[in-house]
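Undergrad: structure for the following, please:
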Amino acid sequence: MNSVTTATTNRGRPGYAREDVIRIAVDQFNTHGYEATSMGALATTLGVSKSAIYHHITSKEEILVEATDQALEALFDVIEEADATPGTAEDRLAAVISGATRVLCEKPENVTLLLRLRGNTEVEKQILERRRLITRRFIDFVASAQEEGAVRSTLDAGMVARLTFGMINSLVEWYRPDGPISPEELSEIMPDFVFRGLAAR
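TA: Purely as a prediction, here's the structure:
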């Protein structure tokens, strides 16, 4: 499913694990912008030489691919699980909404990076195409629920899907895992909240 080549070797160096380098890099990308963050700037943040980073990572693009893959693969898993959900089209749409909410709560930094990409490089364009595929699949779930009568047929399925995804994506701006609502609780609340506004009349 992924057309972008991702390095999976765990080249290591004492002091930082590869996962730590990626996590800190993602934080820098989100703070300063992907294009504005150089490998030299990342080395300074880590307190190591630039050459030391290459014991962990081959390029900035590799970090971008691996970090966004974590969000994308989790969302594709949600789509597959929803497809396999027994019951009605409404049940499957609710499963997508619930699952996407959980992913946003559990991987906010990765999703933030994914949402801020603009397609300025070939690697970014490939990542964005995968993101658009998820949106198209979400539209399909909405359309099926409309055919069933669970969602108002007078609404455009694409608009409904994008508005709903926009609401879920906004979680990266305010949700805190250490707050009063757990990811599990919020993932149960969100489908009910959405359907109150989309219920057929």
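
Undergrad: just for this structure, where's the confidence low?
TA: Applying pLDDT under 70 to the chain picks out residues 1-15, 197-201.

Undergrad: what residues go with each domain of it?
TA: 18-59, 61-198 (automatic domain parsing).

Undergrad: using a markdown table, lay out these together with mean neighbour count.
TA: All C-beta atoms are positioned from the backbone trio N, CA, C, and that covers glycine. Shown next, in a markdown table, are those (neighbours: other Cβ atoms under 10 Å):
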| stretch | mean neighbour count |
| --- | --- |
| domain 18-59 | 16 |
| domain 61-198 | 17 |
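
Undergrad: following the helix or strand where Ala67 lies, which helix or strand comes up?
TA: Assigned by DSSP states H and E, Ala67 belongs to helix 60-83. Counting by DSSP H and E, the next helix or strand C-terminal to helix 60-83 is helix 89-106.

Undergrad: so the helix holding Ala67 versus helix 89-106, what angle?
TA: 150 degrees (axes from the mean of the first three to the mean of the last three Cα atoms, to 10 degrees).

Undergrad: put the alpha carbons of helix 60-83 into CSV.
TA: C-alpha atoms of helix 60-83 as CSV (Å, rounded to 0.1, in the frame of the first residue of the first chain):
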residue,chain,number,x,y,z
LYS,A,60,15.4,14.1,6.5
GLU,A,61,13.0,12.5,4.1
GLU,A,62,13.3,9.2,5.8
ILE,A,63,12.2,10.7,9.1
LEU,A,64,9.2,12.3,7.4
VAL,A,65,8.1,9.0,5.8
GLU,A,66,8.5,7.0,8.9
ALA,A,67,6.8,9.5,11.1
THR,A,68,3.8,10.0,8.8
ASP,A,69,3.6,6.3,8.1
GLN,A,70,2.8,5.8,11.8
ALA,A,71,-0.3,8.0,11.5
LEU,A,72,-1.3,6.7,8.0
GLU,A,73,-1.0,3.0,8.8
ALA,A,74,-3.0,3.5,12.0
LEU,A,75,-5.7,5.2,9.9
PHE,A,76,-5.7,2.5,7.3
ASP,A,77,-6.1,-0.1,10.0
VAL,A,78,-9.2,1.8,11.2
ILE,A,79,-10.6,1.7,7.6
GLU,A,80,-10.0,-2.1,7.4
GLU,A,81,-11.5,-2.7,10.9
ALA,A,82,-14.6,-0.6,9.9
ASP,A,83,-15.0,-2.6,6.7
